[in-house]
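Trainee: 3D, please:
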Amino acid sequence: VLQGRAAGVQIQANTGTPGGSASIRIRGTNSLNASSQPIFVIDGVIIDPANGDDNGNSNPLAAINPSDIVTMDILKDASATAIYGSRASNGVIMITTKRGKAGEATITYDGYVGWQSMPKKLDVLNLHEYAQHYNDITDAHIKEASSTYIRADLMGNGTDWQDELFRNALMTSHNLSITGGSEKTTYAISAGYLDQDGIAIQTGYRRQTLRGNLDTQLKKWLRGGVSFSLTNSRQEVEKNWDIIMTALRSQPTVAVKSPDGSFDGPDDQWMPDNPVALASIKDNYNKKLNFRVNTYLEAEIIKGLTFKTELSADFNQAKYFTYTPDYTFGLKTNDSREGTKTVQTSKYWSWRNILTYQNTFADKHTINVMLGQEMSHNEWSYMRGSGQGYLSNVAKDLRAADPTTTKADEYNVPSALFSYFGRAFYNFDERYLVTFTLRRDGSSKFAQVDDRNWGWFPSAAIAWRINNEKFF
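Mentor: Down below sits the predicted model:
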């Protein structure tokens with residue numbers, strides 16, 4: 001929906017797994033080796049996917065309940081994005097969620113239940129066609145004959161691995177919100193639950209969200225508020241990363257299970273493992289927790305002149321777990337038990353102070369001048385452990401692995417930013433518009449030599465209106 005409503009925006013899912021990451025490009029790819037993902041500003045909190053997990057391809061939208069979104073705006077020209085500095089070189093997606101309104105409390109519920117399924121299967125050989133093809137290869141003396149396929153005309157359809165792997169997947173969503181307030185104080189709180197099964201077995205996404213905000217008029221000249229969101233999710237992903245291709249390459253001669261109830265397997269070492277068995281016995285899931293908070297105070301010093309101070313924080317923790325047990329599927333065996341556990345954590349806080357003056361003179365001249373200062377700190381940490389030779393397939397903790405095979409890796413990446421920014425806007429008779437934006441950043445990522453740890457990000461734009469149509 002976002003892609004269809006904004007020109008020059010391309011959104012593509014990186015994976016078909018429910019809750020998977022997405023690649024968002026605003027006006028194309030902007031870098032050869034760095035991230036081209038835009039930043040997100042959600043209720044005033046800046047979210048930079050390049051500092052997150054999934055190699056910069058995390059999906060902040062997956063952690064938001066769509067029912068809470070009121071507006072979603074895209075900033076893509078230099079004049080609009082310069083206010084956020086170099087971080088916004090790939091564009092900005094601004095999201096505003098529901099806030100309370102004065103009046104009687106309103107309780108709203110919305111939900112749905114649906115099913116997802118494969119619209120079309122790929123056409124592959126059934127058992128009869130596979131046997132005939134095998135005999136044709138044999139007749140051409142390319143492969144040795146097999147007694148299994150002597151009477152291809154008597155064979156049925158065999159195993160359709162697409163039917164065995166894919167399913168009609170249930171998807172359900174429930175959202176409850178309460179909004180209300182008085183002339184001085186308004187509030188909003190909402191809770192949501194999403195349960196989405198993947199069309200491939202043993203895949204799915206579960207998400208619980210809680211969001212709330214409070215705005216109050218503390219004094220006639222002073223206003224304040226706070227907003228927060230909490231998201232907890234669990235994602236079951238493909239068990240061997242290419243399970244769909246494994247199903248397409250599997251022989252129709254192999255059954256899902258043998259008569260004794262165990263998983264069947266191929267009779268050729270060069271053929272892939274039983275995809276249904278792999279999906280059933282392997283573990284590959286992640287758990288994510290996100291907490292976001294923003295609080296502000298806004299004072300009107302004199303008419304038209306306001307000062308706003310804003311403090312925000314964002315905390316993310318992601319845990320990834322994989323485990324492969326030992327198994328025997330036909331001639332295919334795996335003797336080692338392997339497991340990995342990864343924990344990624346990001347912490348971000350920022351403090352902004354903004355002074356704004358707006359006034360209209362002679363009914364035709366409107367000016368808006370804004371000056372601001374911001375300091376922020378981001379810290380991303382990574383820990384990964386792996387091991388082999390587990391005592392059993394029941395004990396999957398890393399401590400149960402063979403100590404001689406365990407490996408560990410850890411690193412921490414902190415960064416800080418101190419910035420000054422400003423923007424001036426002039427409007428003459430709603431026909432001629434001039435905007436000038438300037439930002440200067442001092443970053444811990446820049447070289448600490450002389451004054452080169454500072455960067456300038458100026459921008460200007462001119463626009464005019466003819467017959468109420470806006471041209472740039």
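Trainee: all helices of the stretch 351-472 of the chain, in order?
Mentor: Remark: no helices are assigned in the stretch 351-472 of the chain by DSSP state H, counting those that start in this stretch.
Trainee: swap that for the stretch 151-300 of the chain, please
Mentor: Assigned by DSSP H, counting those that start in this stretch, the helices in the stretch 151-300 of the chain fall at 161-165, 243-249, 275-281.
Trainee: for those, which has the smallest mean pLDDT value?
Mentor: Sorting these by mean pLDDT places helix 243-249 lowest, at a mean of 87.
Trainee: could you report the neighbour count for the closest residue to Asp268 other than its chain neighbours?
Mentor: In space, and not counting its chain neighbours, Asp268 is closest to Leu331: 6.9 Å by CB to CB, 6 or more residues apart in numbering. Heads up, the C-betas are built off the backbone N, CA and C, glycines and all. By other CB atoms under 10 Å, the residues close to Leu331 number 12.
Trainee: what does Ile178 give?
Mentor: There are 15 residues near Ile178, going by other CB under 10 Å.
Trainee: now do the one 5 residues further on
Mentor: Applying the criterion other CB under 10 Å, we find 8 residues in the vicinity of Glu183.
Trainee: what's near enough to touch it?
Mentor: Applying CB atoms under 8 Å, 6 or more residues apart in numbering to Glu183 gives the contacts 102, 217.
Trainee: relative to Pro325, how far out is Ala395?
Mentor: Separation of Ala395 from Pro325 (CB to CB, to the nearest Å) stands at 11 Å.
Trainee: Met271 now?
Mentor: For Met271, the distance to Pro325 equals 21 Å [CB to CB].
Trainee: for stretch 187-204, what is the distance to the chain centroid?
Mentor: Centroid separation for stretch 187-204 versus its chain: 14 Å, with CA atoms, centre = their mean, to the nearest Å.
Trainee: how about it as PDB, C-alpha atoms only?
Mentor: Only the C-alpha atoms of stretch 187-204 are listed here, as PDB (Å, rounded to 0.1, in the frame of the first residue of the first chain):
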ATOM      1  CA  TYR A 187      -5.100   9.700  26.300                       C
ATOM      2  CA  ALA A 188      -5.000   6.600  24.100                       C
ATOM      3  CA  ILE A 189      -4.000   3.000  24.700                       C
ATOM      4  CA  SER A 190      -4.200   0.000  22.500                       C
ATOM      5  CA  ALA A 191      -3.300  -3.700  22.500                       C
ATOM      6  CA  GLY A 192      -3.000  -6.000  19.500                       C
ATOM      7  CA  TYR A 193      -2.300  -9.700  18.800                       C
ATOM      8  CA  LEU A 194      -1.300 -11.200  15.400                       C
ATOM      9  CA  ASP A 195      -1.000 -14.900  14.700                       C
ATOM     10  CA  GLN A 196       0.000 -15.800  11.200                       C
ATOM     11  CA  ASP A 197       1.000 -19.300  10.000                       C
ATOM     12  CA  GLY A 198       3.200 -19.600   7.000                       C
ATOM     13  CA  ILE A 199       2.000 -21.600   4.000                       C
ATOM     14  CA  ALA A 200       5.200 -23.700   4.400                       C
ATOM     15  CA  ILE A 201       4.800 -26.100   7.400                       C
ATOM     16  CA  GLN A 202       6.600 -25.200  10.600                       C
ATOM     17  CA  THR A 203       6.800 -21.500   9.700                       C
ATOM     18  CA  GLY A 204       4.800 -18.600  11.200                       C
END
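Trainee: got phi/psi on Asp363?
Mentor: Torsion angles at Asp363 (phi, psi; degrees, to the nearest 10) stand at phi 60, psi 0.
Trainee: what pLDDT does it get?
Mentor: 84.
Trainee: cool, and Gln3?
Mentor: On pLDDT, Gln3 comes in at 68.
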